[in-house]
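> quick one: sequence and predicted model below, then my questions.
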Amino acid sequence: MPNVMPRPSILSIEPYVGGESKIPGVNRIIKLSSNEGAFGVPPAAQAAYAELAAKLHRYPDGGATALREAIGTRFGVDPARVVCGNGSDEIIQHLILAYGGEGTELVMSAHGFTMYEVSGRYAGCQIIKAPERNLTADVDAMLAAVGPRTRLMFLANPNNPTGSLLPAAEVTRLRAALREDVLLVLDSAYAEYVTRPDYDPGTALVEAGTNTVMTRTFSKVFGLGGVRLGWCYAPPHVIDVLNRVRGPFNVNAPAMAAGVAALAEPGWVEKSVAHNTAWRAKLSEALRAAGITVHPSEGNFILADFATPARAAAADAALKGRGLIVRAMGAYALPHCLRITIGTAEECGMVADALRDFMRSADAA
């Protein structure tokens, strides 16, 4: 054993494992494991990124001024209350390290995004997972999980990996019942895909008080997962803290340029959301017709339930046999499920055909 050891909580972390991207021996791979946008990178973002190639010797704007102003214009928020990061994961980690730490508790729902737990353990927090109801965050259970040492609560809405959504009234009730010294972080990575008129990604709650933060990402509908770009909208005192602890150049110049261009790409979000809404419904219907339980989703993915871990693993293998990579859910305590990203029309059709054939053969066995 080495003489230099990390804090004990570090060794309790299970390293995050991203979605698979390769299948040995298979030439054509269809990757539907990471909830990436179905249409790839917006053309204007590609051009803006390439244009920076000859200027990579220059340091980026440490304040991400142009990007924050573009975010403010697009989403109707105050750019002074925006901080940008190397993906929203970086912002989440900074929030937990700044407001949590040894001797504190972080509350999340039972099947919430795993990075809350990873970053929480890194900070030394005790992680409290509140039971869910029908794979949806339960406000009363989350409130009951709050103790004297609770300093942070995380809620992904829509949630990854379940796709479930809490109505705005329930999120407001959650915030109203929380102590004032508990920071509520609303992770709205999939906000653009929600079409319900009563949905608010968190903007209203951020502006209504001093203890709510909304995080967002460019990795999904804006197609920029590869450059790692995220942002948050928060009260001024939280923005001040984040600007004290983040790296001075935590967002690279090509990423910022691509982000500004992606926000301005005409019709990109509208086309992406329309496609996602239509094919999420079609794929869900096809899988249900094949005898697979599909949980309601508001994201760009569905959660397919095969009832047993063995059947889910067999379905996963059948999909891989056709070059289709989806996401196994054992790490989320859902080993009987597979999460499937909504890809192109062709890709969704391939998934539907593969799982229909799998269910027929499984039922015949």
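Here it is on my side, so go on. Residues are numbered from 1 along each chain as shown.
> what ranges do the strands span in the stretch 251-365 of the chain?
Along the stretch 251-365 of the chain, the segments classed as strands by DSSP state E, counting those that start in this stretch run 293-295, 301-305, 324-325, 327-328, 337-341.
> repeat for the stretch 101-250 of the chain
For the stretch 101-250 of the chain, the strands defined by DSSP E, counting those that start in this stretch occupy 105-109, 126-130, 132-133, 136-137, 150-156, 183-187, 212-217, 230-233.
> flag every buried residue along stretch 187-203.
Buried positions in stretch 187-203, judged by neighbour count with 16 or more other Cβ atoms under 10 Å: 187-194, 199-203. (C-beta placed from N, C-alpha, C; glycine too.)
> give the bridge partners for Phe301, please.
With DSSP bridges applied, Phe301 shows beta-bridge pairing to Thr341.
> could you export the strands of the stretch 251-365 of the chain as TSV, including distance to Glu180?
Output for the strands of the stretch 251-365 of the chain, formatted as TSV (distance: least, Cβ to Cβ, whole Å):
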stretch	distance to Glu180
strand 293-295	34
strand 301-305	35
strand 324-325	45
strand 327-328	38
strand 337-341	36
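> re the thing from before, looking at the buried residues of stretch 187-203, which one is closest to Leu56?
For the buried residues of stretch 187-203, the residue nearest Leu56 by Cβ to Cβ is Ala189; the value is 28.2 Å.
> how about that closest one, phi and psi?
Phi and psi for Ala189, reported as degrees, to the nearest 10, are phi -60, psi -30.
> do you know how far it is from Pro158?
Distance of Ala189 to Pro158, computed by Cβ to Cβ, to the nearest Å: 8 Å.
> for the two, list the residues in contact with both.
The contact sets of Ala189 and Pro158 do not overlap (Cβ atoms under 8 Å, 6 or more residues apart in numbering).
> returning to that earlier point: can you say which of the strands of the stretch 101-250 of the chain is nearest to Ala281?
Closest approach to Ala281 among the strands of the stretch 101-250 of the chain (Cβ to Cβ): strand 136-137, 19.1 Å.
> out of the strands of the stretch 101-250 of the chain, which gets nearest to Glu270?
Ranking the strands of the stretch 101-250 of the chain by proximity to Glu270 (Cβ to Cβ) places strand 212-217 first, at 17.7 Å.
> quick one: list the elements packing against that closest one.
For strand 212-217, the packing partners by 3 or more Cβ pairs under 8 Å, 6 or more residues apart in numbering; DSSP states H and E come out as helix 88-99, strand 183-187, helix 203-208, strand 230-233.
> hmm, back to that, could you work out the most separated pair of the buried residues of stretch 187-203?
Largest separation among the buried residues of stretch 187-203 by Cβ to Cβ: Tyr193 and Thr203, giving 16.5 Å.
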